[in-house]
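Colleague: Sequence plus predicted model, see below.
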Number of protein chains: 2
Amino acid sequence: MSRGFACGTHPLPDLASPKPGETAMSTTGKQLFTTLDADGTLIVAIEEVSFPDPTGNQVLVKMEASPINPSDLAILAGAADLENASYAPGKFVATVPEPYNTGSKARHGLKLPAGNEGAGTVVAAGDSGSAKALIGQRIACVPGNAYSQYCIADAASCLPLGDHSAEAGASAFVNPMTALAFVENAKMDGQDAILHTVGASNLGQMLTRICNEDGIGLINIVRKESQADLLAKLGSTHVVNSSSDDFMGQLRSAIEDTGAFYGFDPIGGGRSVDHAFQAMEQVAVSRMAEYSRYGSNQPKRMFIYGRLDTGMTMLSPSYGFGWTLSGWLLFPFLQAAGSGTVARMRKRVLDNLTTTFASHYKKRVNLDEMLTKEAVTDYSSMKTGEKYLVTPWS
Amino acid sequence: MSRGFACGTHPLPDLASPKPGETAMSTTGKQLFTTLDADGTLIVAIEEVSFPDPTGNQVLVKMEASPINPSDLAILAGAADLENASYAPGKFVATVPEPYNTGSKARHGLKLPAGNEGAGTVVAAGDSGSAKALIGQRIACVPGNAYSQYCIADAASCLPLGDHSAEAGASAFVNPMTALAFVENAKMDGQDAILHTVGASNLGQMLTRICNEDGIGLINIVRKESQADLLAKLGSTHVVNSSSDDFMGQLRSAIEDTGAFYGFDPIGGGRSVDHAFQAMEQVAVSRMAEYSRYGSNQPKRMFIYGRLDTGMTMLSPSYGFGWTLSGWLLFPFLQAAGSGTVARMRKRVLDNLTTTFASHYKKRVNLDEMLTKEAVTDYSSMKTGEKYLVTPWS
C-alpha cells in the first residue's frame, strides 16, 4: 500500500489567512503554510502572520490543541519524499514525485493553510450575539487552518467544551462526526449492519463503540492480530483479519451473520472495496435458488471516504450489476442530513467526549517540532494508535 | 480490450425448459442449450425437446426471429476459445480459460437456454383472458430461451406487433427499452445530458435518435472516424473519438458544452469510466473560484451496464469524492419505474419500430447455422452494424 491519506472532511473557507487590504490587524502569531510548486517542490513552513479582527458571526480563537489526522496529511505532506527532504527549524522542503505532482496541479503555486480541526479559547468576537456569547469559552472548531496560534471560526460551527480540556476537545469533530455519520447514513438507507475496512483506526474504534451502543451490526476488517485483540476488547463481535489465509471465507461468514451489504472504506486504492463486494455477492448467490448470469438481486453499497492507498481502485467483474460505489465526504453528508440531525450528533459527541469519542495521542509537538524529520516521517506513517497532537503554544 | 459481453437485461424465469414430471407435452421442436463443466468445457448444442402446454397467463409462441445481442453472448459463448473449439453440425465444444471459468463457477454443470428476446406467433394460450386474446397474433417477447423453435412467454410481457414482420419486432425489447430507460433514468435524476461511451452501437444509435427527439444533450464516444461519421449522419452533435490524440481535451469540451456529468458505459473493464469521471471533474474544477483538496462539489454519476471488456474496472484517485458508479440492469430499472412508465415506453417503441428503434442485421442463420465456426467467431466479435438474426425455421 502506498502512503496516502484519509479524508472525511471537506473544503473549508480560509477565514484566518490575512487578506491584502484588510485593516484592523491586531493579533499576530505563528501559522503553518504549505506550497507546492509546478516542479513538484513542496515547501512547508511556519510563518509569523497577522490575524484580522473577527466580524459579524466570527470569533477569534487562541488555539491550544489540534490533531494531525490522516485527512490533514494530503495537504501537509501529500505524496512527498519525506525521507530525502531538507529540514530546517520550522521548515521542510521536499519533492512530490509523479504522477502525484501532476495530479495536484490545481494547487500548484497556492500557499495553503492546514489543520482541519482543533480546540482553543475564544479571545475576540464579531458583533453578533452568538459570537459575543462565546468570548472566554473553550470551544472545538473546524477552521481549516488549525496548525496556527490563532484561528478565525464561525460561531455557529463552534462546539463549547464546558469543563473539558482543549486536548479532550481537539478531535471533537472529524472522527466523531464521521463515525456517527456512517451510522446515520446506514440508518437513512435502511441498513442495520456496516462493514468497515480499517476497523482498528481511531475512527474505527469510535464506530465500534457507536454500533455497540446503537445495536448496529459491524464487521471490522484489520491487518494484524494485535488490532483484532484491541477491537475484541472494545466488544467488536465480527473482526476479520485480511492477513489470514481464510480472509475471504471469514468475511463471508461475517456478512452471513450480520447482513452487512453496506460499508465504508478509507483505503480507496487496490482491491479493498472489490473484496468486500465479492464476499457480499458470494453470500447473496449462496442464498439464490436459481443461477443467474447477471448475479444476485442483493443491492451492495460501498463508500470510499479516504485514500490511504493512492493507487487505482480496482473492481473485478465478479458481482453482477447490483452494486453502487461512491466517494463520501462528511460535509456534504451533514448538509444533506440537515441542522436537526447535526445538532443531535454534536450533542452526542459532547456528552460522550471522554468515553465513546475519546482520542488518544502518542506525542505532543509545537508548530516548529511538527516539521522535524523525526515527527513528519512518524506521523505520516499513520500507524494505529500513534496520533500526534499539535500544541502551538508549548 | 478482451472479448466480453454487454448486458442490459436481467435473469428471466426459465419457463420453456421442460421440467421432469411435467405432463401434457404436446409440442416438440429444436432449442439451443449451453453447459459449462467445472473443468472449463463449454458445450453448446441444439436439441429436440418437448414444450409444455401453456397454463394461466402463459402463451406458447412459435418463434420466427431472435437477435444475437452482446447480452446473449455471455451465456452463449462466454470467454471461450472459439478459434480452437471443435465444431460439428448443431454443436460446438470449446474451452473457457481461467480466470473466466472459475468466475463462472455458479453455472458449472447447469444446462442453460439462451436468447433473451425474439418475435413469433402465439399458437396456444393458458386459461386467462389476456393470454387467449393473443392467440394467432404476432408478438415480441423476452422468454430467455429465444434460440428455440417454441417458447413459453408471459402474456403480460408480450408486445403485439400488429402488421410488423417478426424481423422488425425481433429486437423490440432489449436495445429499445434500454436506450429509452437511459433517458428516463436521466430525467428522473434531473439530468438533461448523457454521456455514452460506446456511441456507435445499435443501442447507441437508438439513444442518439431518442436524445434528438427529446432534446436531451448527448456525448457519443467512438473508436473510429467511420463511427463518428455514422453518428454525425444521425444528427449527433457531440461525437468524441477515443483514438484521437486530443481525446481528453475533446471530451472536456463536449462536457463543457452539454453539461453531461452523467453517463452509461457498456465496456466495464479498463479506464472507460475513469476517463469520463476525470474529464467531468476537470470541467468542474475549471469552474471553481478556489482550490479544494477534496475536488469539486459537482456530482458525477456513471453506470456500467455491460462488460465488453471483462478486465478490472480501474478508477484513479483524481476526481475527489463527489462521484458515484453503479452497475445497471434494465429489469430492476423497469420495476422501479413502475407499470405506467413501462407501458408508455413500450408504446413508444411500437409506434416507432421501423424508425427510431429499427435494428439492422448482417446475416440470418437458423439454429444449426448459428453454431458453425464461421458464424460463432463472426458474431462474437461484436462489430458495429454486424448483428446476426436467428430464424429458427429457415
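Modeller: Structure received.

Colleague: can you list the domains in chain A?
Modeller: Dividing chain A into domains by automatic domain parsing, as the record does, gives the ranges A:27-171+A:360-390, A:175-334.

Colleague: quick one: the longest one near chain B?
Modeller: I take that to be domain A:27-171+A:360-390. Yes - contact between domain A:27-171+A:360-390 and chain B, assessed by C-beta under 8 Å from any C-beta of the partner chain, occurs at A:A74, A:I75, A:G103, A:A106, A:R107, A:L110, A:L112. (C-beta placed from N, C-alpha, C; glycine too.)

Colleague: among the domains of chain A, which is nearest B:D368?
Modeller: Evaluated with C-beta to C-beta, the domains of chain A place domain A:175-334 nearest to B:D368, the distance being 23.9 Å.

Colleague: tell me the mean pLDDT for the closest one?
Modeller: Model confidence over domain A:175-334 averages 96 on the pLDDT scale.

Colleague: ends of it, how far apart?
Modeller: Domain A:175-334 stretches 14 Å from its first residue to its last (C-alpha to C-alpha, to the nearest Å).

Colleague: Do any residues in that domain lie close to chain B?
Modeller: Yes - if you take C-beta under 8 Å from any C-beta as the test, domain A:175-334 does meet chain B, through A:268-269, A:285, A:290-294, A:297, A:304-305, A:307, A:310-329, A:332.

Colleague: Determine the three-state secondary structure at the residue of the stretch 151-300 of chain A found nearest chain B.
Modeller: With C-beta to the nearest C-beta as the measure, A:S292 is the residue of the stretch 151-300 of chain A nearest to chain B, at 3.5 Å. The assignment at A:S292 comes out as coil when based on DSSP: H, G, I helix; E, B strand; the rest coil.

Colleague: Just give me the neighbour total for it.
Modeller: By the criterion of other C-beta atoms under 10 Å in any protein chain shown, A:S292 has 15 neighbours.

Colleague: what does the one 10 residues further on give?
Modeller: In terms of burial, A:M302 registers 23 neighbours under the definition other C-beta under 10 Å.

Colleague: The one 10 residues further on now?
Modeller: Using other C-beta under 10 Å, A:M312 has 19 other residues around it.

Colleague: quick check, it in a strand?
Modeller: Yes - secondary structure assignment places A:M312 in a strand (three-state DSSP).

Colleague: For it, which non-adjacent residue is closest in space?
Modeller: Distance criterion C-beta to C-beta, 6 or more residues apart in numbering or on different chains; nearest residue to A:M312, sequence neighbours excluded, is B:M314 at 4.6 Å.

Colleague: could you say which helix or strand contains A:K62?
Modeller: strand A:58-68 (DSSP states H and E).

Colleague: how far out from the middle of the chain is that strand?
Modeller: The gap between where strand A:58-68 is centred and where its chain is centred comes out at 17 Å by C-alpha atoms, centre = their mean, to the nearest Å.

Colleague: pLDDT averaged over it, what's the number?
Modeller: Taken as a whole, strand A:58-68 has a mean pLDDT of 97.

Colleague: State the next helix or strand along the chain beyond it.
Modeller: Helices and strands here follow DSSP H and E; after strand A:58-68, the next one along the chain is helix A:70-76.

Colleague: Give the other helices and strands that that following helix contacts.
Modeller: Using 3 or more C-beta pairs under 8 Å, 6 or more residues apart in numbering or on different chains; DSSP states H and E as the contact test, the elements touching helix A:70-76 are strand A:5-6, strand A:25-36, strand A:306-307.

Colleague: Reformat the ones you listed into JSON lines and put mean neighbour count next to each item.
Modeller: Shown next, in JSON lines, are the helices and strands packed on helix A:70-76 (neighbours: other C-beta atoms under 10 Å in any protein chain shown):
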{"stretch": "strand A:5-6", "mean neighbour count": "26"}
{"stretch": "strand A:25-36", "mean neighbour count": "19"}
{"stretch": "strand A:306-307", "mean neighbour count": "26"}
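
Colleague: now those strands in a markdown table, with distance to B:N116?
Modeller: Supplementary listing: these in a markdown table, determined by distance: least, C-beta to C-beta, whole Å:
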| stretch | distance to B:N116 |
| --- | --- |
| strand A:5-6 | 43 |
| strand A:25-36 | 52 |
| strand A:306-307 | 40 |
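
Colleague: of all those strands, which lies closest to B:M63?
Modeller: Ranking the helices and strands packed on helix A:70-76 by distance to B:M63, with C-beta to C-beta as the measure, places strand A:306-307 first at 52.2 Å.

Colleague: what distance separates the closest one from the centre of its chain?
Modeller: The offset between the C-alpha centroid of strand A:306-307 and the centroid of the whole chain comes to 9 Å, using C-alpha atoms, centre = their mean.

Colleague: Parallel or antiparallel, list what pairs with that strand.
Modeller: Looking at strand A:306-307 with DSSP bridges, its paired strands and their directions are strand A:5-6 (antiparallel).

Colleague: related to what we said a few turns ago, got a markdown table for the domains of chain A, with distance to B:P143 too?
Modeller: Converted to a markdown table, the domains of chain A look like this (distance: least, C-beta to C-beta, whole Å):
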| stretch | distance to B:P143 |
| --- | --- |
| domain A:27-171+A:360-390 | 50 |
| domain A:175-334 | 15 |
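
Colleague: Of all these, which one is nearest B:A166?
Modeller: The nearest among the domains of chain A, by C-beta to C-beta, is domain A:175-334 at 25.5 Å.

Colleague: hang on, the earlier thing: now restrict the residues of domain A:175-334 next to chain B to buried residues only.
Modeller: Buried members of these, scored by 16 or more other C-beta atoms under 10 Å in any protein chain shown, are A:268-269, A:285, A:293-294, A:297, A:304-305, A:307, A:310-329, A:332.

Colleague: Filter those down to the ones in helices?
Modeller: Judged by DSSP state H, helices contain the following of these: A:V285, A:P332.

Colleague: what sits against A:T28?
Modeller: Taking C-beta atoms under 8 Å, 6 or more residues apart in numbering or on different chains as the definition of contact, the neighbours of A:T28 are A:E48, A:V49, A:S50, A:F51.

Colleague: I'd like the distance between it and chain B.
Modeller: Look at A:T28 and chain B: by C-beta to the nearest C-beta, to the nearest Å, they are 25 Å apart.

Colleague: closest one to B:A168 among the helices and strands packed on helix A:70-76?
Modeller: Going by C-beta to C-beta, the one of the helices and strands packed on helix A:70-76 nearest B:A168 is strand A:306-307, 51.6 Å.

Colleague: circling back to that earlier point, lowest-confidence stretch among the helices and strands packed on helix A:70-76?
Modeller: strand A:5-6 (a mean of 44).

Colleague: What segments of chain A are helices?
Modeller: According to DSSP H, chain A carries its helices in the segments A:70-76, A:100-103, A:129-132, A:166-169, A:174-188, A:202-214, A:225-233, A:247-258, A:272-286, A:330-337, A:339-351, A:373-380.
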